[in-house]
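> sequence isn't available, so here's the structure alone:
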């Protein structure tokens, strides 16, 4: 299984070295053109709000497991 970032890098290499059009390179790799152009974001930045909310719940209720924390977030109205 290849990650989207690795596919993006492979498509970029095909475009630069082999002078393929972007749509052909993406089709050969199996990557959508939207994913090719989408800027990369770190998971910590993308999921920062969820991480902060889970950490706040765990500070108060340290013995709760994931599913109890998940249910608490849903009951609080957070539906990321």
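Looks like it arrived, so ask away. Please read all numbers here as calculations on a predicted model, not as lab measurements.

> burial measure for residue 25, as a count.
22 (other C-beta atoms under 10 Å). C-beta coordinates here come from the backbone N, C-alpha and C atoms, glycine included.

> ok, it - contacts?
Each residue near residue 25 by C-beta atoms under 8 Å, 6 or more residues apart in numbering is listed here: 10-12, 14-15, 18.

> could you check how far the one helix or strand in the chain whose mean pLDDT sits lowest is from the centre of its chain?
Within the chain, no helix or strand scores below helix 43-46, which has a mean of 89 by mean pLDDT, DSSP states H and E. From the chain centre to the centre of helix 43-46 is a distance of 8 Å (C-alpha atoms, centre = their mean, to the nearest Å).

> repeat that for stretch 8-18.
With C-alpha atoms, centre = their mean, you get 22 Å for stretch 8-18.

> and the host helix or strand of residue 73, what's buried?
Using DSSP states H and E, residue 73 falls within helix 66-75. Of the residues in helix 66-75, 69, 72-73 count as buried by neighbour count, 16 or more other C-beta atoms under 10 Å.

> what sits up against the longest helix seen in the chain?
Longest helix of the chain, by residue count under DSSP state H: helix 4-18. Residues outside helix 4-18 that contact it (C-beta under 8 Å, 6+ apart) are 2, 20-22, 25-26, 28-31, 35-36, 40.
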